[in-house]
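>>> Attaching a predicted model along with its sequence, questions to come.
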Amino acid sequence: MKTEQLVSTFVEFFEERGHRRITGSTLLPPPGDPVLFTTSGMHPLTPYLEGRPHPLGSRLVNVQRCLRTTDLEEVGDPTHLTVFEMLGSWSLGDYEGPVSLDWGYRLLTEGLGVDPRLLHTTVFAGDSRIGPDTRSLETWHGLGVPVETTVEDNWWSNGPVGPCGPDSEIFLWSGEGPPESTPTRDDRWVEVWNHVTMTHRRLDDGSLVPLPQRNVDTGLGLERLASLLQGRNSVFESDIFDPWRRLVPTLWPLEESSLRVVCDHLRSSVVVLGDGVRPSNTGRGYVLRRLVRRVLTVLWRDDPSRGIGDLPVELIRHTRDHFRQDLGPEEVLRLLVEEEGRFRRILERGRQVLARPRFRGRLTEEDFHYLHDTHGLPRELITVLSEE
């Protein structure tokens with residue numbers, strides 16, 4: 001099943017059950033949100049999860065692009081991307097968790113053709129403040145799906161404060177042969193869909209207070225599920241990356257992990273630029289700058305003459321069209337090449353500074369602070385130069 005078909009199947013399934021499709025937002029969260037980027041589909045819906053009526057009703061569905069800075073170092077493995085898409089469904093004080101779990105099971109097995117024997121789930125076991133999620137446990141037992149109970153792994157929160165509650169995660173077996181073990185003990189179980197029953201709000205002091213309504217918030221990783229349904233070994237082998245995997249290796253021969261990083265970070269940079277962010281030394285702009293510089297560090301490791309200016313415009317256009325953005329491919333490429341030029345100049349200055357006798361040998365924390373504060377050289381850049 002192609003990615004676009006997966007999206008339409010998901011949305012139509014929930015529309016048939018009374019959900020209204022809402023337009024996904026950009027990567028930029030609503031004003032006042034403390035995070036740099038939208039990290040989940042529920043971000044733009046926080047006021048409605050806390051009780052405000054939504055203009056389209058109490059049952060919603062959407063596709064939301066997300067970026068999680070906490071996953072940057074994980075990119076290159078089979079399941080993590082910097083920018084990814086989340087398929088989401090919501091009940092705003094309408095139906096509860098067991099209904100959502102039953103629908104999730106039906107969509108996966110009947111709508112998408114997943115073998116029920118390849119499914120495993122996890123459920124909140126309860127702690128000193130909140131009891132176990134017995135209703136979800138009973139639902140899965142009734143459907144014949146194996147369940148593992150956990151505490152921390154099955155309590156979902158959007159940050160230190162805000163809506164939160166117990167969740168039930170659905171995993172799909174990705175290994176060869178019959179499924180083995182459980183999701184917490186074997187990473188061949190890949191999480192694909194999280195169903196959260198939002199029951200509480202965490203306050204600044206860490207205490208929990210009930211929300212005015214009980215909500216259900218689900219999130220399904222699009223690229224992750226697509227790769228599994230397509231029988232691929234990683235998200236980078238799903239159809240959405242086909243143009244990147246076809247063109248990038250002909251331009252820059254790279255081993256697999258480096259190819260994944262370059263494709264992911266360039267594709268993510270295109271999306272971030274398309275949503276209005278520009279490179280800078282702080283905030284969102286610095287995340288974008290880190291993405292571009294990591295690409296260049298990988299490319300220049302084998303050949304310093306490589307440059308982003310050689311990137312086919314076709315790849316930028318493919319990504320822009322997929323995310324329905326307006327920024328022209330030529331403008332995107334110009335901004336990326338400008339950032340590359342800045343990085344080359346900083347590298348040259350950094351090499352001159354690090355060539356001084358003071359910085360020969362092992363660098364101390366004091367050296368790192370001095371190089372950053374006086375010469376504007378971040379730690380990761382100093383590390384790269386020190387390894388040359």
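That came in fine, so what should we check first? Numbering: from 1, shown residues only.

>>> pLDDT weak spots in the stretch 101-250 of the chain?
Along the stretch 101-250 of the chain, no part satisfies pLDDT under 70.

>>> all strands of it, in order?
119-124, 147-150, 155-157, 162-173, 189-202, 208-221 (DSSP state E, counting those that start in this stretch).

>>> ok, the residue lying closest to Leu371 once chain neighbours are set aside - how many residues close by?
Leaving aside its chain neighbours, Leu371 sits nearest to Leu377 (4.4 Å; criterion: Cβ to Cβ, 6 or more residues apart in numbering). C-beta coordinates here come from the backbone N, C-alpha and C atoms, glycine included. Leu377: 20 surrounding residues under other Cβ atoms under 10 Å.

>>> Need the pLDDT of Leu377.
Per-residue pLDDT puts Leu377 at 77.

>>> can you check the one 5 residues further on too?
Ile382 carries a pLDDT score of 83 in this model.

>>> ok, now how distant is it from Ile346?
In this view, Ile382 and Ile346 are 11 Å apart by Cβ to Cβ, to the nearest Å.

>>> Please say which of these two ends up with more neighbours.
Neighbours per residue, other Cβ under 10 Å: of Ile382 and Ile346, the larger number sits with Ile382, 20 against 17.

>>> How about the secondary structure of that one?
Assigned with DSSP: H, G, I helix; E, B strand; the rest coil, Ile382 falls in the helix class.

>>> For the residue lying closest to Asp71 once chain neighbours are set aside, list the residues it contacts.
Nearest residue to Asp71 in three dimensions, chain neighbours excluded: His80, at 5.0 Å (Cβ to Cβ, 6+ apart). His80 makes contact with 71, 74, 235 under the criterion Cβ atoms under 8 Å, 6 or more residues apart in numbering.

>>> Can you redo those as TSV, where the extra columns are distance to Phe84 and neighbour count?
Below are the contacts of His80 laid out as TSV (distance: Cβ to Cβ, whole Å; neighbours: other Cβ atoms under 10 Å):
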residue	distance to Phe84	neighbour count
Asp71	9	16
Glu74	12	12
Val235	8	26
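
>>> And Leu347, how far from Gly361?
Relative to Gly361, Leu347 is positioned 21 Å away (Cβ to Cβ).

>>> Which residue of the two possesses the greater neighbour count?
Comparing Leu347 with Gly361 by other Cβ under 10 Å, the one with more neighbours is Leu347, at 20 against 8.

>>> List the contacts of that one.
So Leu347 contacts 381, 385 (Cβ under 8 Å, 6+ apart).

>>> do that again at 10 Å, thanks
Listed by Cβ atoms under 10 Å, 6 or more residues apart in numbering, the contact partners of Leu347 are 293, 296-297, 300, 304, 377, 381, 384-385, 388.

>>> and if you look at Thr184?
Thr184 neighbours (Cβ under 10 Å, 6+ apart): 122, 148-150, 153, 171.

>>> Many thanks, we can stop here.
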